[in-house]
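In: Sequence and predicted structure, then a few things I'm wondering about:
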Amino acid sequence: MKYALSLSGKQHQELQTHLFQKDGLESIALIFCHCGIGNEQTKLVAYKIILILDGECERSETNIIWNTEKHLSPEVIEEMDNNSLCLMTIHSHPGGFNDFSKIDDDSDKILFASVNNWFDDNRPNGTAVMLPDGAIFARIIDRKGKFIPLSHVSIAGSEIKILRHKQKAGNIPAFAKRIAQTFGKGTFSLLSQLRVGVVGCSGTGSVMIELFARNGIGELVIVDPDEIEQKNLNRILNTSMDDAKQARSKVEVLKKAIEKMGLGTKVSIYQSYTYDAAVIAALKVCDVLFGCVDSAIGRYHLDCLSSAYLIPYFDVGVGLYADKKGGISQAMVATHYIEPAATSLLSREVYTSEQVSAESLKINNPAYYEQQKNEGYIAGVDEDQPAVLSVNMQVSCLAFNDFMARIHNYRLDDNDEFNIQRMSLTHGYYEHEEGVNEIHPLFAKDVGKADKSSLVKSICRN
């Protein structure tokens with residue numbers, strides 16, 4: 001089993017401010033985490049941070065001694081046990097020493113011999129170190145005192161940081177040399193180790209998948225319930241008339257296309273919906289999520305996962321409105337970057353709770369949905385809009401380049417100013433803005449709760 005740690009941008013900033021004082025001495029904090037347990041990886045998701053005051057510790061440039069009995073009292077231990085919380089301690093190395101010291105090893109073995117005996121299960125507990133530049137490395141200490149390094153630490157802020165301890169740069173393959181030339185060798189190395197979830201594999205989704213595969217992404221998790229139809233062939237990349245005639249699934253066709261490229265991307269496919277338990281299990285351990293859906297319920301589900309597991313989320317939207325004369329009256333595209341614990345698509349009114357309810361009713365009880373719609377009790381679910389490949393490509397590239405700017409900050413302005421991007425092809429304008437940056441009350445209570453999230457439990461179907 002591999003382990004990872006996820007923090008929000010706000011949590012990371014709070015820790016960095018506390019852990020590095022002007023006196024150059026070590027400081028310490030506690031991170032209480034919920035777990036997101038996947039098939040191959042367990043993600044420790046930061047839920048609550050306790051800053052231990054410097055005046056309560058014996059501090060030096062290379063060591064810190066703190067009162068464990070005060071901050072890990074029987075009441076705290078009981079709370080941890082009742083809520084299945086894990087403990088991650090984090091302290092600073094003000095001198096920049098990029099490893100756990102012998103002092104760290106000795107003190108961690110003593111502390112976690114006790115911590116692991118507090119609980120009857122094998123929940124992962126461990127320790128982390130932050131360096132002056134904000135980099136973090138961490139490890140689990142198991143019941144036998146064995147140190148298990150975390151595969152990475154994810155920080156989901158205005159910039160997306162995926163931190164790996166002492167990562168060795170490999171050779172750049174020929175197909176990636178210009179990618180590395182544009183964005184740097186470190187960025188290509190990062191891409192090659194990322195797991196990205198793409199929900200929706202039609203017009204915008206197939207373009208997004210193509211962009212990731214051609215840029216050497218490590219793993220793609222792609223989700224779509226539908227099969228190829230002839231009406232899709234004008235906009236879904238790598239599909240053919242034969243795929244439509246054979247009614248092949250969109251995810252299967254795209255997986256074969258990626259594998260045929262031979263660029264090393266691993267692909268996991270799910271011909272299903274976002275409420276499927278297997279889909280949730282796969283998406284919750286992704287490093288980044290991309291929503292290429294036009295439904296409110298799909299966006300709501302991704303909002304839930306982003307908040308509960310602290311996963312950065314990019315939403316891609318196209319609006320082509322028919323003029324009922326054989327053309328279109330307006331063509332709009334928009335992208336949203338959702339920084340978990342800071343905002344949501346619901347906060348920005350990209351969809352409404354009423355739309356989610358209506359779509360859910362249409363799925364679960366179509367006859368009653370039609371009755372309620374006809375009687376005027378609910379608004380009807382939008383019908384399909386026209387779709388054009390060139391428009392889909394434009395918005396997908398807009399979202400992909402926003403993602404690249406957040407892992408390799410090449411912008412002159414702050415990334416926050418690009419949280420929302422809009423473009424009108426009919427009116428000829430492009431605009432970007434920060435947008436609403438507050439978490440919706442519906443999600444606020446579940447931020448960082450991972451597998452304990454009541455919202456995720458409510459949407460999940462076995």
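Out: Right, received. Where do you want to start?
In: Next one: residue 316 from residue 252, what distance?
Out: Residue 316 is 22 Å from residue 252, where distance means Cβ to Cβ, to the nearest Å. No exception for glycine: its C-beta is placed from N, CA and C like everyone else's.
In: Of the two, which one has the most company?
Out: Comparing residue 316 with residue 252 by other Cβ atoms under 10 Å, the one with more neighbours is residue 316, at 27 against 17.
In: Which residues are in contact with the more buried one?
Out: Residues in contact with residue 316 (Cβ atoms under 8 Å, 6 or more residues apart in numbering) are 204, 205, 208, 290, 291, 292, 335, 395, 396, 399.
In: With residue 264 instead?
Out: Here residue 264 is in contact with 173, 192, 216, 218 (criterion: Cβ under 8 Å, 6+ apart).
In: could you pull out the strands for the stretch 101-250 of the chain?
Out: 126-130, 136-141, 147-149, 152-156, 160-163, 195-199, 219-223 (DSSP state E, counting those that start in this stretch).
In: Residues touching whichever helix in the chain runs longest, excluding its own?
Out: Using DSSP state H, we find that the single longest helix of the chain is helix 389-407. Identification of contacts with helix 389-407 by Cβ under 8 Å, 6+ apart yields 158-162, 183, 187, 190-191, 203-204, 207-208, 211-212, 234-235, 288, 290, 292, 312, 314-318, 320, 331, 333-335, 337, 410-411, 415, 418, 421, 423, 425.
In: what pairs with the next helix or strand after that helix, and is each one parallel or antiparallel?
Out: Counting by DSSP states H and E, the next helix or strand C-terminal to helix 389-407 is strand 420-424. As defined by DSSP bridges, the strand partners of strand 420-424 come to strand 328-338 (antiparallel), strand 429-433 (antiparallel).
In: For residue 290, name its beta-bridge partners.
Out: Counting by DSSP bridges, residue 290 forms beta bridges with residue 198, residue 314.
In: Let me know the pLDDT of it.
Out: Residue 290 is assigned 98 on the pLDDT scale.
In: so what's it up against?
Out: Counting by Cβ under 8 Å, 6+ apart, residue 290 makes contact with 196, 197, 198, 199, 205, 208, 313, 314, 315, 316, 399, 403.
In: mind checking which of the strands of the stretch 101-250 of the chain is nearest residue 51?
Out: Ranking the strands of the stretch 101-250 of the chain by distance to residue 51, with Cβ to Cβ as the measure, places strand 126-130 first at 12.7 Å.
In: now the closest one, how far from the chain's geometric center?
Out: Relative to its chain's centre, strand 126-130 lies at 22 Å (Cα atoms, centre = their mean, to the nearest Å).
In: and what of stretch 393-403?
Out: Relative to the centre of its chain, stretch 393-403 is centred 17 Å away, using Cα atoms, centre = their mean.
In: ok so, going back, now the buried members of the contacts of residue 264.
Out: Neighbour-count burial (16 or more other Cβ atoms under 10 Å) applied to the contacts of residue 264 gives 192, 216, 218.
In: Quick one: residues contacting the last one.
Out: Translated: residue 218. Applying Cβ under 8 Å, 6+ apart, the residues contacting residue 218 are 191, 192, 193, 194, 195, 264, 265, 266.
In: run the last query once more with 10 Å
Out: Residue 218 sits next to 189-196, 212, 264-266, 287 when contact means Cβ atoms under 10 Å, 6 or more residues apart in numbering.
In: Which single one of these is nearest to residue 57?
Out: Among those, and counting by Cβ to Cβ, the member closest to residue 57 is residue 287, at 33.9 Å.
In: circling back: any chance of the buried ones among the contacts of residue 264 in TSV, with distance to residue 441 too?
Out: Output for these, formatted as TSV (distance: Cβ to Cβ, whole Å):
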residue	distance to residue 441
192	39
216	40
218	36
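In: Dump those residues to CSV, plus pLDDT.
Out: Shown next, in CSV, are the buried ones among the contacts of residue 264 (pLDDT from 0 to 100):
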residue, pLDDT
192, 93
216, 95
218, 96
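In: picking that back up, please pick the buried ones from the contacts of helix 389-407.
Out: Listed as buried from the contacts of helix 389-407 are 158-162, 183, 187, 190-191, 203-204, 207-208, 211-212, 235, 288, 290, 292, 312, 314-318, 320, 331, 333-335, 337, 415, 418, 421, 423, 425; burial here means 16+ other Cβ under 10 Å.
In: show me the contacts for the closest residue to residue 180 other than its chain neighbours.
Out: Among residues not flanking residue 180 along the chain, residue 188 sits closest, at 4.5 Å (Cβ to Cβ, 6 or more residues apart in numbering). Residue 188 sits next to 169-170, 172-173, 176-182, 215-216, 408 when contact means Cβ under 10 Å, 6+ apart.
In: at 7 Å what do you get?
Out: 172, 176, 179, 180, 216 (Cβ atoms under 7 Å, 6 or more residues apart in numbering).
In: Give me the pLDDT value at the residue positioned nearest the centre of the chain.
Out: Central residue of the chain (Cα atoms, centre = their mean): residue 311, 2.2 Å from the mean position. Looking at residue 311, its pLDDT reads 98.
In: List the residues that contact it.
Out: Counting by Cβ under 7 Å, 6+ apart, residue 311 has contacts 156, 286, 288, 289, 305, 340.
In: wait, which of those residues is closest to residue 143?
Out: Among the contacts of residue 311, and counting by Cβ to Cβ, the member closest to residue 143 is residue 286, at 29.1 Å.
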